[in-house]
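[1] Here is my input, please return the structure:
(one chain, ligands or ions: 1)
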Amino acid sequence: MAGFPQLRLRRLRRTERLRALVRENRVDAGDLVYPIFVVEGKGIKQEISSMPSIFRFSPDQLDAEIEEVAGLKIPAVLLFGIPEQKDELGSSAYAPEGVVQQAVRRIKKSAPQLLVITDVCLCEYTSHGHCGVVVGDQIDNDQTLPLLAKTALSHAEAGADIVAPSDMMDGRVKAIRESLDKDGFQQIPILSYAAKYASAFYGPFREAAESAPQFGDRRSYQMDPPNIREALREIEQDINEGADIVMVKPALAYLDVIRQARNAFNCPLAAYNVSGEYAMVKAAVKQGLMEERRAVMEILTAIKRAGADIIISYHAKDVARWLQSA
Ligand SMILES: [Zn+2]
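    The predicted structure is shown next:
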């Protein structure tokens, strides 16, 4: 084995052409999913103060945004809904005329090729802001399952291409799979938020989706950040229940979880570059602390290098634009 001075690793770093030739990982626009917040009502396009350049749209205002996303060759959007009415059981989540259902129909009409993924959860729709049915001061797992199944089914009926349960109840992938299959939606894949941690990095999202819990927190169902073996068990359970794609969320502080999941399982793996990760970059750039494009590309490339096939990111439009101009 030759050592220095015959071996010089710097030889392949000398020019951009050489570096590009030996580059191991690349982010492609085709890897990206762009999250969109839809709010019930008409004529609404409102910037979210904690997430610069990210808006809440009423369904009738979506067309221009969808045209832009599709034009940038981003293959998919992920929809979150903010309803007018909230109640104990989150009934607006599975209403046939719910805000997400309306938005799905609108998008499938204006851009039929764009994949529409819907977030399936109750927290944006419940008066208490929890992801499941509240009994006393507990979040009841088994009573929540039929409501999630109903929500996923109503999204599929509206035309969703993929449903993505994010609640972290045990058994929800199975419940959703059974309900979809029973009603003729055997072809609709489930992207499960399989390893979703109780994270501080969701802060800005809660403002965006108006989904902060009104009491307690989500630690009785979302995962404890120090655990990685448990993440593998969660992912394994979801795959066994019928998940087609599994997700690790958040991404940046959990790159080791992404890597271990990649090594342990063969199904497609998604990672969610969450609102807090986005807001931190935006805040740092605003203060002149770093260059936005380089910082964002470094972060997304790291998520890819860790093993994610699919990256859900609020930076997706910027990234796709940069890749086009590169
Ligand atoms: Zn939720």
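[2] Give me the nearest residue to Lys249, chain neighbours excluded.
    In space, Lys249 comes closest to Tyr272 once its chain neighbours are excluded; the distance is 3.9 Å by CB to CB, 6 or more residues apart in numbering. In this view, the C-beta of every residue, glycine as well, is placed from N, C-alpha and C.
[3] Assumed that neighbour was part of a strand.
    Yes: under DSSP: H, G, I helix; E, B strand; the rest coil, Tyr272 falls within a strand.
[4] Name all residues that make contact with it.
    193, 247-251, 312-313 (CB atoms under 8 Å, 6 or more residues apart in numbering).
[5] so it bridges to which residues?
    Ile312 (DSSP bridges).
[6] which among the contacts of Tyr272 gets closest to the ion?
    Proximity of the contacts of Tyr272 to the ion (CB to the ion) peaks at Tyr193, which lies at 8.9 Å.
[7] Quick one: classify Ala194 as helix, strand or coil.
    Under three-state DSSP, the three-state class of Ala194 is strand.
[8] quick one on the thing from earlier: adding neighbour count, distance to the ion and pLDDT as columns, could you present the contacts of Tyr272 in CSV?
    CSV is the format used below for the contacts of Tyr272 (neighbours: other CB atoms under 10 Å; distance: CB to the ion, whole Å; pLDDT from 0 to 100):
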residue, neighbour count, distance to the ion, pLDDT
Tyr193, 24, 9, 98
Met247, 27, 14, 98
Val248, 31, 16, 98
Lys249, 24, 11, 98
Pro250, 22, 14, 98
Ala251, 26, 18, 98
Ile312, 26, 15, 98
Ser313, 26, 19, 98
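[9] Out of the helices and strands in this protein, which is least certain?
    Every helix and strand in the chain was compared by mean pLDDT, DSSP states H and E; the lowest is helix 203-209, with a mean of 86.
[10] which helices and strands does that one pack with?
    strand 76-82, helix 275-286 (3 or more CB pairs under 8 Å, 6 or more residues apart in numbering; DSSP states H and E).
[11] Whether the shortest one contacts the ion - can you check?
    Spelled out, it's strand 76-82. No: Strand 76-82 does not reach the ion (CB under 5 Å from the ion); its nearest approach is 9.6 Å.
[12] sorry, back to before: ok, the residue nearest to Lys249 to Tyr202 distance?
    Taking CB to CB, to the nearest Å as the measure, Tyr272 falls 10 Å from Tyr202.
[13] Which residues are in contact with each of the two?
    Counting by CB under 8 Å, 6+ apart, the shared contacts of Tyr272 and Tyr202 are Pro250.
[14] Look through this protein and tell me its longest helix.
    helix 141-158 (DSSP state H).
[15] what does it rub up against?
    89-90, 93-96, 98, 100-102, 104-105, 118, 120-122, 131-133, 135, 163, 165, 167, 169-172, 175-176, 178-180, 183, 185, 188, 190, 221.
[16] of those, buried ones?
    The neighbour count (16 or more other CB atoms under 10 Å) marks 89-90, 93-95, 98, 100-102, 104-105, 118, 120-122, 131-133, 163, 165, 167, 169-170, 172, 175-176, 179-180, 185, 188, 190, 221 as buried among those.
[17] just checking: which of these also lie near the ion?
    Okay, of the buried ones among the contacts of helix 141-158 touching the ion (CB under 5 Å from the ion), that's 121, 131.
[18] List the residues that contact the closest residue in space to Tyr314 that isn't next to it in sequence.
    Leaving aside its chain neighbours, Tyr314 sits nearest to Tyr278 (4.2 Å; criterion: CB to CB, 6+ apart). Applying CB under 8 Å, 6+ apart, one finds that Tyr278 lies in contact with 51, 54, 204, 313-315.
[19] if we can go back for a sec, now go through the contacts of helix 141-158 and say which are in strands.
    118, 120, 133, 135, 163, 165 (DSSP state E).
[20] What is the neighbour count of whichever residue of the stretch 201-326 of the chain sits closest to the ion?
    Here the residue of the stretch 201-326 of the chain nearest the ion is Ser211; by CB to the ion that distance is 6.5 Å. Ser211 has 21 neighbours, counted by other CB atoms under 10 Å.
[21] Okay, it and Phe80: tell me how far apart.
    Counting by CB to CB, the gap from Ser211 to Phe80 is 8 Å.
[22] what residues are shared contacts of those two?
    Glu124.
[23] Which of the contacts of helix 141-158 fall within helices?
    Short answer: the contacts of helix 141-158 in helices (DSSP H) are 100-102, 104-105, 172, 175-176, 178-180.
[24] out of these, who's nearest the ion?
    Nearest to the ion among the ones in helices among the contacts of helix 141-158, with distances taken as CB to the ion, is Arg172, at 11.2 Å.
[25] The closest one reaches Ser166, doesn't it?
    No: the pair Arg172 and Ser166 does not pass the contact test of CB atoms under 8 Å, sitting 9.6 Å apart.
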